[in-house]
Every structure is written in structure tokens, then in C-alpha cells.
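1. Provided below for reference: sequence and predicted model.
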Amino acid sequence: MNEKTVQVLGKRMYYVEHGTGRPVILVHGNTGSSRWWSQVMDMAGYRMIAPDLPNFGRSDQLDVADIDVYADHLAGFISALGLETPIVVGHSLGGAVVMSMAARRPELAKAIVLVDSAAPAGLKTPEEHYPYIELFRTNRDMMRQALAGVAPTMRNVALLDSLTDDAMKMAPLAFAGNARALERFNYTGRAGAFTGPVMVLWGRKDSIVTEAMATQTAAAYSNARLEVIDTVGHSVMVEDPERFRTLLAEFLK
């Protein structure tokens, strides 16, 4: 795995990459980092690239938490690396980021994959959850429990610990800020500006994104298919990496 950094819109973005061939960009979700993709980076014939978005992991922090701003940095990242029409994969909040970029800059992506993504109408967090979200900023044990909950079938304890360490690097303003950003996010009627191939993945044990939301996401696109994975929750790439690689490889073909 090669670790690198690049300047994008005045901010340093950290990323890892593996392999050669057609580029595939892997965009993590809320409290996430490039490490969420560490078990699925080895795919023959593809240059797999996983950035830390600004406000996350090892990348620079911003003074705002906003989906469109993250999407602008993702578009700038593609440009800075000189990538031509990569396949772009987004998980959870990262799915909303990919959705935003693809709707406003549809020429940038060859195809997109949305993994347990927020729906085009966004994702509402109950107001009573916000005090707990703020506690995550300084309570590593609570954060670890929360991450275990969104990946309920993951058995890799060492990876869970590393994902928790990365989550604690997130910009303080982004803890509540990202939840508010997903509430503001609304690409209803706009997501379909991207007309390339789309695959929507949803785990039946997902406690955050419902099947109805996944169905709405797929319905927003003219060239989409929905794949339901019965055995996983919100994060198939860490819960069942082999299944994720198989589905992605079939889609890429």
C-alpha cells in the first residue's frame, strides 16, 4: 500500500493506493478514513485509490462540515491526480459526497457505486442523539462501540481498533456538523443528472439506512441496480470483504 498526499483546494489530502489499471476511488463515510477500504484494495487490473476527505483521518481540517464542500474536494482530488473518468465508490456519508459530485460534475466519473449510502433526500438524525454525538469527540470507548454497531458482523478486532483511532482524528466541528450536513443534503430530482452505470449496495442488517432508502437511491438513477446483501450491516467492505470484492469486480466488468 502506497501512502501519499496531494494539495487540493489549498488543503492537504492524504490517500493510499494499490495496483495499476483503471482507477477506482473509494470514499469513506462519517468518522471514517481510507483504512475502511484496507481489506478490498487488492483487485487485479485496477488502481485502487482511497483518500481521507478533508476533516477526516490524516487530511487537513476545514472550517465547515458540508457534503457539497467535501464533494468539491473529491472533484479536485480527481483533477489533481490527473484521473480520467474513474469509477467512484462511496460509503454512507461518502455515498452522499459521491452523489453530489456526480450530479454537479457528471463528466468526472465513468460509473458510481453507493454502499449503504444516505438517500437523495438525506439522512435525519433524531435531535436527542446529538448530545451523544458530541460525547464521541473525547470518549474513545463510546466511539468504538458505535463503530461496532455499524459493522455488526465484523470480527477483525485489530481493524476495529484502528478504525476507532482514525475516527478520533476527525475535526471536532464535524461530529455534529456531519450529521447536520446530512440533514441539509437534498438531491431529490437532481441525482439523476448522472446517467452512467450505478450499483447500490445495501446490507439487510443495516441499522442506519433502511431498505426503502436504498430503493429510493437506486430509483433516482436511470441506469442503476440494487444489490441486497442479507448477511451484513452498514459496512460490507469490513464485514465481508470477499463479497464486496466479488460484487465490485462483476460491476466493473
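-> Everything's here; your move.
2. Quick check: phi and psi on the closest residue to residue 173 other than its chain neighbours?
-> Spatial nearest neighbour of residue 173, excluding adjacent residues (CB to CB, 6 or more residues apart in numbering): residue 65 at 5.9 Å. Every residue, glycine included, has its C-beta placed from N, CA and C. Main-chain dihedrals, residue 65, degrees, to the nearest 10: phi -120, psi 110.
3. repeat for residue 27
-> The phi/psi pair for residue 27 (degrees, to the nearest 10) is phi -110, psi 120.
4. Report how many residues lie close to it.
-> 33 (other CB atoms under 10 Å).
5. got the contact list for it?
-> Counting by CB atoms under 8 Å, 6 or more residues apart in numbering, residue 27 makes contact with 50, 51, 53, 74, 88, 89, 90, 91, 94, 95, 97, 98.
6. Just the C-alphas of the helix or strand hosting the last one, formatted as CSV.
-> Taking DSSP states H and E as the criterion, the element that holds residue 98 is helix 93-104. Extracted C-alpha coordinates of helix 93-104, given in CSV (Å, rounded to 0.1, in the frame of the first residue of the first chain):
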residue,chain,number,x,y,z
LEU,A,93,-21.8,9.8,4.1
GLY,A,94,-19.3,9.2,1.4
GLY,A,95,-22.2,8.0,-0.8
ALA,A,96,-23.8,11.4,-0.4
VAL,A,97,-20.5,13.0,-1.3
VAL,A,98,-20.2,10.9,-4.5
MET,A,99,-23.9,11.6,-5.3
SER,A,100,-23.2,15.4,-5.0
MET,A,101,-20.1,15.3,-7.2
ALA,A,102,-21.7,13.1,-9.8
ALA,A,103,-24.8,15.2,-10.1
ARG,A,104,-22.9,18.5,-10.5
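7. contacting residues around it?
-> With CB under 8 Å, 6+ apart, helix 93-104 has contacts from 27-30, 32, 53, 67-68, 70-72, 74-75, 88-90, 108-109, 112, 114-118, 120, 122-123, 178, 181-182, 185, 187, 190-194, 196, 217.
8. from what I can see residue 225 touches residue 219, true?
-> No: using CB atoms under 8 Å, residue 225 is not in contact with residue 219, being 11.1 Å away.
9. between these two, who's got more neighbours?
-> Using other CB under 10 Å as the criterion, residue 225 and residue 219 rank with residue 219 on top: 15 against 12.
10. Roughly how far does the more buried one sit from residue 212?
-> 10 Å (CB to CB, to the nearest Å).
11. so what's residue 199 bridging to?
-> residue 113, residue 225 (DSSP bridges).
12. Can you name the element that comes right after the top helix by length along the chain?
-> Counting by DSSP state H, the longest helix found in the chain is helix 67-80. Counting by DSSP H and E, the next helix or strand C-terminal to helix 67-80 is strand 87-91.
13. If you count contacts, what does that next one end up packed against?
-> Secondary-structure packing of strand 87-91 (3 or more CB pairs under 8 Å, 6 or more residues apart in numbering; DSSP states H and E): strand 22-27, helix 93-104, strand 111-115.
14. now these in CSV, with mean pLDDT?
-> Formatted as CSV, the helices and strands packed on strand 87-91 follow (pLDDT from 0 to 100):
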stretch, mean pLDDT
strand 22-27, 98
helix 93-104, 98
strand 111-115, 98
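15. Now render the ones you listed as JSON lines, adding distance to residue 151.
-> Listed next are the helices and strands packed on strand 87-91 as JSON lines, based on distance: least, CB to CB, whole Å:
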{"stretch": "strand 22-27", "distance to residue 151": "16"}
{"stretch": "helix 93-104", "distance to residue 151": "15"}
{"stretch": "strand 111-115", "distance to residue 151": "12"}
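16. For residue 81, find the nearest of these.
-> strand 22-27 (7.8 Å; CB to CB).
17. what's the spacing between that closest one and its chain's center?
-> 11 Å (CA atoms, centre = their mean, to the nearest Å).
18. Cool, thanks, talk later.
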